[in-house]
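K.L.:
I would like the atomic coordinates for the input below:
(2 chains)
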Amino acid sequence: MRNCPQPINEEPHNTTTTTRGRKKNREKMKQYVLVHGGCHGAWCWYKVKPVLEASGHRVTVVDLTASGVNMSRVEEIQSLEDYTKPLLKVLESFGSDDKAILVAHSLGGPSVGLAADMFPSKIAVAVFVTSFMPDITNPPSYTFEKCLESFTEEESSNMEFGTYGTHERPLTSVFLGTKFLAKYMYQLSPVEDFELAKMLVRVGPAITSNLTGTKSLTEEGYGSVARVYVTCGEDKSLTKEFQRWIIENFPVKEVMEIKDADHMPMFSKPLELCDCLFKIANKYA
Amino acid sequence: MGEEKKQQHFVLVHGACHGAWCWYKVKPLLEASGHRVTALDLAASGIDTTRSITEISTCEQYSEPLIQLIASLPSDEKVVLVGHSFGGFSLAMAMDKFPDKISVSVFVTAFMPDTKHSPSFVVDKLSLTSKINLNFNSMITYKFKRETPPEAWLGSELKPYGSDNSGVSMSFSTEFMKHALYQLSPVEDIELGLLLKRPGSLFIKDLSKVENFSDKGYGSVPRAYIVCKEDKTLTKEIQWWMIDNYPTKLVKEMEDTDHMPMFCKPQLLSDYLSEITEKLA
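P.N.:
Numbers count the residues shown, from 1 in each chain, chains lettered A, B, ... in the order given. Predicted structure coming up:
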């Protein structure tokens, strides 16, 4: 076996792997880029990635800044671009021949929006999986801030908010407490995955307009990219109604549904999620 | 049937380059059996991103989260310590400092030092047996080695750190993880490992300099060993050599199990942990 030393890498974790010669048919190999939600990390795709790869596709997962095993602190995130930097680096490194299927989960939506705005020609389709999908009229934080407004006191009480930044420009951090994870996000997921979450969730940035600024994403950039929304029928944090509102706010090319999925379909319904992603790739990529 | 099993408090200690996360299957199984479980990140491990391993100069510093946990236990509480792989050394440090707080320690395909030799004795054995010298001074030898055993480091990188370059950090390569550590584990767990692994250290230089573990401290705590028979890195021969070198009260063997029993056979591992505590705790 050849030794191929790899550099010590404490940077945001990006992995791309290729399967060798396991394509089931002569279909072109697709490139997926999977972006996690708030307080989570690349680790949340651990079930989905091997299934996509087993069908011959390339999959890149990223740790956004201060997420997963990325070594930055949340205080270093002063803009949406700061938070999204690891994803932007990945897209920068792609050639323009292979267009990526960019998948956002939950609070990964604004980052995917920003990435699509900056690299529209590199993206075949943006997929929002029970995600805070931005529009081209309001700040990228709009749908998340609207959601926070709609939370009951009980819901908000199990999210731990903190402040950082300056007096002039206060920024908010968020941490998902155990109760919130159990009741509103993982209620239909295997207990092992809930356990994993308890061991791996980190303080993340709340995507507020203080963080993103008030300028919207652009029509020529993000607005020109095809979008598909995947709804999760049993999501108790981003309810079905709220997901519908997000879609109505900025309509998409197609809506797919995973009926019995909670907020974490990559744990509660991984095969159904992969099925959606395969169908989307066949149609749009 | 119907016997009241004593509720134990298990403290699960991960191996090098890993974190508390590796116990994600075992923790719920032990809890379903009625036990309390704590899984923790050692320094610069798991999601302790406040530090990188290159800022940790000693095994004691690395083990600090475990030491602090044991120190903070209420006076009447004892725990069962479970150490995986390099976690065995952290166990030994905790046992040496707080022997009265630990009812039994379980070494799961783990480094298990003795009290007669230097703490680095058992790690030296690994490097001798796998023909890879884990000492920085021999890194040059490693890089230009003409014949490398297939199960050896497979491209994992060893790099010096510290003001005097006495530390060596190691980063597992993908190939090493797949073929030497996780070869019988589910593909999803290999994926998880690849997404969460971080540089670690075996602190060989430090372990060769510190005092031996004591008979009064470390030596006074009952120990059990769980052998993983298909482990390609800490082979069953090395595992049994450590047991023969410093015998334990009990040994359980896991068939068809690689270096990562918590992924490969979590139910069996959990059952063995319960069994061991029923007999020894």
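K.L.:
And the helices in chain A?
P.N.:
Under the criterion DSSP state H, chain A contains helices at A:48-54, A:80-93, A:109-118, A:142-150, A:153-157, A:178-180, A:191-200, A:209-212, A:240-249, A:265-268, A:270-284.
K.L.:
Comparing the ones you listed, which comes out most buried?
P.N.:
Across those, averaging neighbours per residue (mean count of other Cβ atoms under 10 Å in any protein chain shown) puts helix A:109-118 on top, at a mean of 26. Just so you know, the C-beta spots here come from the backbone N, C-alpha and C atoms, and that holds for glycine as well.
K.L.:
Residues in a beta bridge with B:Leu40, which ones?
P.N.:
Beta-bridge pairing for B:Leu40 (DSSP bridges): B:Val13.
K.L.:
Let me know whether it touches B:Val11 as I believe.
P.N.:
Yes - between B:Leu40 and B:Val11 there is a contact under Cβ atoms under 8 Å: 7.2 Å.
K.L.:
For these two, work out which one has more neighbours and name it.
P.N.:
B:Val11 (23 against 20; other Cβ atoms under 10 Å in any protein chain shown).
K.L.:
For the more buried one, grab phi and psi.
P.N.:
phi -120, psi 110 (degrees, to the nearest 10).
K.L.:
my guess is A:Cys116 meets A:Ala226, correct?
P.N.:
You called it Cys, but residue A:116 is Ala. No - look at A:Ala116 against A:Ala226 with Cβ under 8 Å: they stay out of range, at 9.8 Å.
K.L.:
Determine the residues that are contacts of both of these two.
P.N.:
The contact sets of A:Ala116 and A:Ala226 overlap at A:Ala126 (Cβ atoms under 8 Å, 6 or more residues apart in numbering or on different chains).
K.L.:
how near is the residue nearest to B:Asp100 when sequence neighbours are not counted to chain A?
P.N.:
Leaving aside its chain neighbours, B:Asp100 sits nearest to B:Lys78 (7.7 Å; criterion: Cβ to Cβ, 6 or more residues apart in numbering or on different chains). Remark: distance between B:Lys78 and chain A (Cβ to the nearest Cβ, to the nearest Å) = 24 Å.
K.L.:
now swap in B:Cys59 and tell me
P.N.:
Distance, B:Cys59 to chain A, using Cβ to the nearest Cβ: 19 Å.
K.L.:
picking up where we left off before, OK, contacts around the residue nearest to B:Asp100?
P.N.:
B:Lys78 touches B:9, B:100-103, B:281, counting by Cβ under 8 Å, 6+ apart.
K.L.:
And the contacts of the helix ranked longest in chain B?
P.N.:
Looking across chain B with DSSP H, the single longest helix is helix B:266-280. Applying Cβ under 8 Å, 6+ apart, the contact partners of helix B:266-280 are B:5-6, B:8, B:10, B:25-26, B:29-30, B:33, B:35, B:80, B:82, B:103-104, B:106, B:108, B:222, B:224, B:226, B:249-250, B:252, B:254, B:257, B:261-262.
K.L.:
Go through it and flag the buried ones.
P.N.:
Of the residues in helix B:266-280, B:266, B:268-270, B:272-274, B:276-277, B:280 count as buried by neighbour count, 16 or more other Cβ atoms under 10 Å in any protein chain shown.
K.L.:
Can you tell me which of those residues is closest to A:Ser111?
P.N.:
B:Pro266 (34.0 Å; Cβ to Cβ).
K.L.:
Could I get the pLDDT score of that closest one?
P.N.:
For B:Pro266, the model assigns a pLDDT of 98.
K.L.:
Fine by me, thanks again.
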